[in-house]
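Quick check, what structure comes out for this input:
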Amino acid sequence: MLLCHGKGAANTYLPGGHIEFAESAATSLGRELVEELGVKARVGRFLGAVEHTYWRKEQICEVNLVFEFQAAGLDPRHAPPSREGHIEFLWVPLNGLRKAKLEPAPLGTLLPQWVRTRKASPAWASTYGNPARGTRNAE
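Okay, the predicted model is just below:
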């Protein structure tokens, strides 16, 4: 699994970014991969979604839409270079996602299930157990 890591941060997260106005989630992922990695990707099936809150000076709420993708030139034996100085990429086996401190945390359990299953219906999870408090973590 290709993960992104903010330099100096304790956690990892999936590559991607913000969706631009009138842009589909799949198109957004393709654009972000070009911006962050310099690779063109074929975005595949939608795997699922996780809503999540965290703190960074203020409470942030996000919805993670997770897709499979394929990109020529990425080799899981070598970490791909980042085109953005504040982030780096690393390959992590599916059974190492929790150790990599993948955020949102439910992805550590859900991603292996989503990748291994070929069900037509995607899954959903949330860290909003207590919306007033949210989930605190470093990003």
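
In this protein, where's the longest helix?
helix 25-37 (DSSP state H).

Report the mean confidence score over it.
When pLDDT is averaged over helix 25-37, the result is 95.

hmm, who's touching it?
Counting by C-beta atoms under 8 Å, 6 or more residues apart in numbering, helix 25-37 makes contact with 4, 15-20, 23, 39-41, 43, 46, 65, 67, 69, 71, 74, 80-84, 87, 89, all of which sit outside it. Every C-beta, even on glycine, is put in place using the N, C-alpha and C of the backbone.

Pull out the buried members of the residues you listed.
Neighbour-count burial within these applies to 4, 15-16, 19, 41, 43, 65, 67, 69, 71, 74, 80, 82, 87, 89; the criterion is 16 or more other C-beta atoms under 10 Å.

send the alpha carbons of the strand ranked longest in the chain over as CSV?
Taking DSSP state E as the assignment, the strand of the chain that covers the most residues is strand 41-56. The C-alpha trace of strand 41-56 is given here as CSV (Å, rounded to 0.1, in the frame of the first residue of the first chain):
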residue,chain,number,x,y,z
ALA,A,41,-2.7,7.0,-12.7
ARG,A,42,-5.7,5.1,-13.8
VAL,A,43,-8.1,5.4,-11.0
GLY,A,44,-10.1,2.2,-10.4
ARG,A,45,-12.9,1.1,-8.3
PHE,A,46,-14.3,3.0,-5.3
LEU,A,47,-13.4,1.0,-2.1
GLY,A,48,-15.1,2.9,0.6
ALA,A,49,-15.3,6.0,2.8
VAL,A,50,-14.3,7.1,6.3
GLU,A,51,-15.4,10.3,7.9
HIS,A,52,-12.9,11.6,10.4
THR,A,53,-12.1,14.5,12.8
TYR,A,54,-8.7,15.6,14.1
TRP,A,55,-7.1,18.6,15.6
ARG,A,56,-4.5,20.9,14.0
